[in-house]
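Dropping the sequence and predicted coords here.
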Amino acid sequence: MNSIVAGIVLLSVLLHSNPALAASYVVGDATGWKFNVAGWENGKSFKAGDTLVFKYAPGTHNVVVVDKASYDACIVPGNAKTFASGNDVVTLGKGPNYFICGFPRHCGFGMKIAANAA
């Protein structure tokens, strides 16, 4: 009997709770994924499960998921996940998430962000 009551109480709590919804961010806001976007992420409180939307003209840029060393050096590893649609949606994992443009010299011109998700 106690387990039935506990189950009903748990179900009631779950049905009345207000789960946190994931947020969606357009990288670079209205200007999109472009040169000098580095720093756009500063001051934002990202959470795991939030999405970043990278908007740009396809064929002019891309988005490459990299590790910290590749981010710092602006190097595209051979096995890196690359997006190139111009409207790429990436879900943040918990902890640091690093993104660069893989086109030659674009990362060096500030096309990179580091989003830390709680």
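Nice, I can see it.

Now for the residue lying closest to residue 56 once chain neighbours are set aside, how many residues are close by?
Among residues not flanking residue 56 along the chain, residue 33 sits closest, at 4.3 Å (CB to CB, 6 or more residues apart in numbering). C-betas here are computed from N, CA, C, even on glycine. Residue 33 has 28 neighbouring residues, counting by other CB atoms under 10 Å.

so residue 33 makes contact with residue 101?
Yes: with contact defined as CB atoms under 8 Å, residue 33 counts as touching residue 101 (7.2 Å).

From residue 34, how far off is residue 97?
Using CB to CB, to the nearest Å, we find residue 97 at a distance of 19 Å from residue 34.

Compare neighbour counts for those two and give me the winner.
A count of neighbours by other CB under 10 Å puts residue 97 above the other of residue 97 and residue 34, at 22 against 18.

quick one: the strands in this structure?
Secondary structure of the chain (DSSP state E): strands at 24-26, 51-55, 63-66, 82-83, 87-91, 95-100, 112-117.

sorry, back to before: so what sits against both of residue 33 and residue 101?
Common contacts of residue 33 and residue 101 (CB atoms under 8 Å, 6 or more residues apart in numbering): 61, 63, 111.

could you dump the residues you listed to CSV with pLDDT and neighbour count?
CSV is the format used below for the shared contacts of residue 33 and residue 101 (pLDDT from 0 to 100; neighbours: other CB atoms under 10 Å):
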residue, pLDDT, neighbour count
61, 98, 22
63, 98, 24
111, 98, 27
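
What distance do you get for the closest residue to residue 49 other than its chain neighbours to residue 70?
Of all residues not flanking residue 49 in the chain, residue 22 sits nearest, at 4.3 Å (CB to CB, 6+ apart). As judged by CB to CB, residue 22 and residue 70 stand 26 Å apart.

Between those two, point out the one with more neighbours.
Per other CB under 10 Å, whichever of residue 22 and residue 70 has more neighbours is residue 70, with 18 against 12.

dump the residue contacts of residue 102.
Going by CB under 8 Å, 6+ apart, residue 102 touches 62-64, 76, 80, 82.
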